[in-house]
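>>> any chance you can model this:
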Amino acid sequence: MASLGPEDDLYPIQVLIDELRSDEEQRNEDVQLRLNSIRKLSTISLALGEERTRSELIPFVSELMEDEDEVLCALAEQLGGFLPLVGGPEYANCLLPALENLAAVEETVVRERAVDSLRIIGAEHSSADMESCFVPMLRRLAQGDWFTARSSACGLFKPAFSASSPTLRAELCTVYRTLCGDDTPMVRRAAAARFFELAPCIEKDQFKAELIPVWNTLASDEQDSVRVLAVDASGVLAGILTVEETEESVMPIVREASRDKSWRVRLAAADNFSKLVSAVTPDLVKNELVASFATLLKDPEAEVRTAACKRLRTFCEQIPEDFREDAVMNDIMPCVQTLVNDANQNVKIALAGDMMSLATLIGKDKTIEHLLPMFQSQLKDEVSEVRLNIVKNLDCVSRVIGVQQLTQSILPTVVELAEDNKWRVRLAIIEYMPLLGQQLGPEAFSEKFNTLCMNWLVDNVYAIRVAAATNLRRLVETFGKDWAQASILPKVLAMARDPNYLHRLTTLFSVNMLAEAVGAELVHSSVLNVIVQLATDSVANVRFNVARTLGRLAVILEKDHRGVVTSEIKPVLERLNQDSDPDVKFFATEALVAAAT
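Numbers count the residues shown, from 1 in each chain. Presented below is the predicted three-dimensional model:
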């Protein structure tokens, strides 16, 4: 091609050719440059127009199959959005050859991007174009010599089924069955992974006759990776088939999967059990599913037990109510009692996150008798995540047995956890305090937990100090201003005289949190004078936080104590506005603006 200038309308395509040309003489070795050029294809296409994009640009990029994987991946992704640039669905077929080639390359990521783009384009095909262009391409891929092409074909059946005639669908079912029986495990795995997509795209009778037998074959495949994907589709099938059809076609597969020799297949069964409970008869749940789920809870492989524990609440809630309590107590609870002391920490963590919800299913008396002792044991577990999950879910139990009963049972342990060496456990305890306060009342709460609440304000971890201040505000909102004046404010304000500047900062943080809750009168009579005294602190961080706090207090006092703002707050802020530290001056200026408005 002759050399062109920027004013020529062929210039964009020549620039692209120069950057992407792969012959030895002109090859540009900078992969990033070629990658950037591919990402500019849409811009170049707009410059060329629809007709020239179809006739020049697409044929050119179709020849770029020997480039680096990153470039091919970007090309496959770009072509998926080219439909409007080539003239719309009417011309979608011009994009198929390039994507067909990309769908057959060796690199998995490139093939996946090509299949994604083909699915986007296939969804826009008319029935006629589907039969004349898209389906023939699918057949070619499905009959490819290399497994890469056949694997990619498995991802294209959904758009093909959706826009095809019943006759063509029957033919496509035959092609799909062939891929499900392919000699290469990777192809069978790709086919199994797409099985669940096909059910909504085909008539139910045809699906049952043509594809359910294929699913049964995949579920008994010699490769466990194929069986796993087949079992994963069981929940989808249960939602499509009737109860009788599910029991006839799906349950035998799930039954075998729950005792499969491969733990990965058993893991897939555990993940899907809760989806099956509502899809079969209560008798089958009672006589088989509950016992099978209990078997998974006792599985020798820790990953399977962990998955079953994560589905514990969902599965038990799905059990029909008329025999749910008996099923939980007789079949599930013995397993839970064993799992509390499981040797694998992931199992215990998963159990702690789900088992407390059992309280709502078995009632107050059985919770106190069976679950509370296990909670107490887990609150002392050596694994911090176990303790954390129990604390986070204490409200599930408190709603059933009451906070009073719960507190009496676990109070010593809660006090221990308040000083746990893992700050997230301490944080969970703090977040539980307002709920305890609502149930215990101000006197009992102050007696048992007031010291803890104040200790958290001087914790070494900033997040704990902030949470402690927030906790005090919520307690004041619950117990009222008189409780705040008697039990909280004196201790908070006393920290303003502490030699540790972090403790003095905690006073300011707490006042910011509490000011609105305690009201303007208490702020004026008890708080303001202490904050003003801190304005002369030797630490700049304290002084600029004083400025921020005074700005907030000015807003609260403005309505009923306007004179106080003028005579006591503004003079302090004006002095801080002359401070040698720039941060102090900045926040003092902001506070003066807030006080003025």
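
>>> contacts and neighbour counts: CA atoms only from here.
OK.

>>> pull whichever strand or helix holds H503 out as CSV, backbone CA atoms only.
For H503, the host element (DSSP states H and E) is helix 501-518. The C-alpha atoms that make up helix 501-518 are tabulated as CSV, following Å, rounded to 0.1, in the frame of the first residue of the first chain:
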residue,chain,number,x,y,z
TYR,A,501,-2.8,12.3,74.2
LEU,A,502,-4.6,9.4,72.5
HIS,A,503,-6.9,9.2,75.6
ARG,A,504,-7.5,13.0,75.3
LEU,A,505,-8.4,12.5,71.7
THR,A,506,-10.8,9.7,72.8
THR,A,507,-12.6,12.3,74.9
LEU,A,508,-13.1,14.5,71.8
PHE,A,509,-14.3,11.6,69.6
SER,A,510,-16.7,10.5,72.3
VAL,A,511,-18.1,14.0,72.8
ASN,A,512,-18.7,14.2,69.0
MET,A,513,-20.6,11.0,69.2
LEU,A,514,-22.6,11.8,72.3
ALA,A,515,-23.3,15.5,72.0
GLU,A,516,-26.5,15.2,70.0
ALA,A,517,-27.8,12.3,72.2
VAL,A,518,-27.2,14.0,75.5
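
>>> lowest-pLDDT helix or strand in the chain?
helix 11-20 (a mean of 58; mean pLDDT, DSSP states H and E).

>>> which residues touch the helix holding H503?
Outside helix 501-518, the residues that touch it by Cα atoms under 8 Å, 6 or more residues apart in numbering are 457-458, 465-466, 469-470, 472-473, 476-477, 480-481, 484, 492-493, 495-498, 523, 527, 531, 539, 541-542, 545-546, 549, 552-553, 556.

>>> let's go with 7 Å and repeat that
457-458, 469-470, 473, 476-477, 481, 492-493, 495-498, 523, 542, 545-546, 549, 556 (Cα atoms under 7 Å, 6 or more residues apart in numbering).

>>> and the residues you listed, which of them are in strands?
Among the contacts of helix 501-518, DSSP state E puts none in strands.

>>> can you select the buried ones among these for me in ChimeraX?
A single ChimeraX command selects the buried members of the contacts of helix 501-518 (16 or more other Cα atoms under 10 Å):
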select :457,458,469,470,473,476,477,481,492,493,495,496,523,542,545,546,549,556
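
>>> in helices only, show me the contacts of helix 501-518.
Per DSSP state H, helices hold the following members of those: 469-470, 473, 476-477, 481, 492-493, 542, 545-546, 549, 556.

>>> between those residues, which sits nearest R264?
Among the ones in helices among the contacts of helix 501-518, T470 lies closest to R264 (Cα to Cα), at 45.1 Å.

>>> list the contacts of the residue nearest to S127 when sequence neighbours are not counted.
Among residues not flanking S127 along the chain, A163 sits closest, at 5.3 Å (Cα to Cα, 6 or more residues apart in numbering). Residues in contact with A163 (Cα under 7 Å, 6+ apart) are S126, S127, M130.

>>> next one: phi and psi at the first one?
So that's S126. Torsion angles at S126 (phi, psi; degrees, to the nearest 10) stand at phi -80, psi 170.

>>> so what's the residue count around it?
16 (other Cα atoms under 10 Å).

>>> ok, now which ones touch it?
Applying Cα under 7 Å, 6+ apart, the residues contacting S126 are A163.

>>> in this structure, where is pLDDT below threshold?
1-30, 411, 439, 597 (pLDDT under 70).

>>> ok so, going back, so which of the contacts of A163 comes closest to E63?
Of the contacts of A163, the one sitting nearest to E63 (Cα to Cα) turns out to be M130, at 24.3 Å.

>>> count of residues packed around that closest one?
Count around M130 with other Cα under 10 Å applied: 24.

>>> same check, this time on G402
15.

>>> the closest residue to A327 other than its chain neighbours sits in which helix or strand?
Of all residues not flanking A327 in the chain, V290 sits nearest, at 7.0 Å (Cα to Cα, 6+ apart). Secondary structure from DSSP H and E places V290 in helix 290-297.

>>> which residues does the helix or strand just after that helix contact?
Remark: after helix 290-297, the chain's next helix or strand is helix 302-310, criterion DSSP H and E. Contacts with helix 302-310, where a contact means Cα under 7 Å, 6+ apart, come from 263, 266-267, 270-271, 296-299, 344, 346-347, 350-351, 354.

>>> just the buried residues of these.
Counted by 16+ other Cα under 10 Å, the contacts of helix 302-310 give 263, 266-267, 270-271, 296-299, 346-347, 350-351, 354 as buried.

>>> between those residues, which sits nearest L156?
Ranked by distance to L156 (Cα to Cα), these are led by D271 at 26.8 Å.

>>> quick one: the helix or strand where that closest one lies to helix 290-297, angle?
For D271, the host element (DSSP H and E) is helix 263-277. Counting by axes from the mean of the first three to the mean of the last three Cα atoms, to 10 degrees, helix 263-277 lies at 150 degrees to helix 290-297.

>>> which helices and strands sit right next to helix 263-277?
Judged by 3 or more Cα pairs under 7 Å, 6 or more residues apart in numbering; DSSP states H and E, helix 263-277 is in contact with helix 224-232, helix 234-240, helix 251-257, helix 302-310, helix 312-318.

>>> and with 6 Å instead?
Using 3 or more Cα pairs under 6 Å, 6 or more residues apart in numbering; DSSP states H and E, the elements in contact with helix 263-277 are helix 251-257.

>>> just the CA trace of the helix it packs on, in CSV.
Output of helix 251-257 as CSV, limited to C-alpha atoms (Å, rounded to 0.1, in the frame of the first residue of the first chain):
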residue,chain,number,x,y,z
MET,A,251,-32.9,-38.2,43.1
PRO,A,252,-31.1,-41.4,42.0
ILE,A,253,-28.2,-39.3,40.7
VAL,A,254,-28.1,-37.2,43.9
ARG,A,255,-28.3,-40.3,46.0
GLU,A,256,-25.3,-41.8,44.3
ALA,A,257,-23.4,-38.5,44.4
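
>>> gap between it and the chain center?
Computed by Cα atoms, centre = their mean, to the nearest Å, the chain-centroid distance of helix 251-257 equals 30 Å.

>>> what does stretch 208-218 give?
Using Cα atoms, centre = their mean, the offset of stretch 208-218 from its chain centre is 33 Å.
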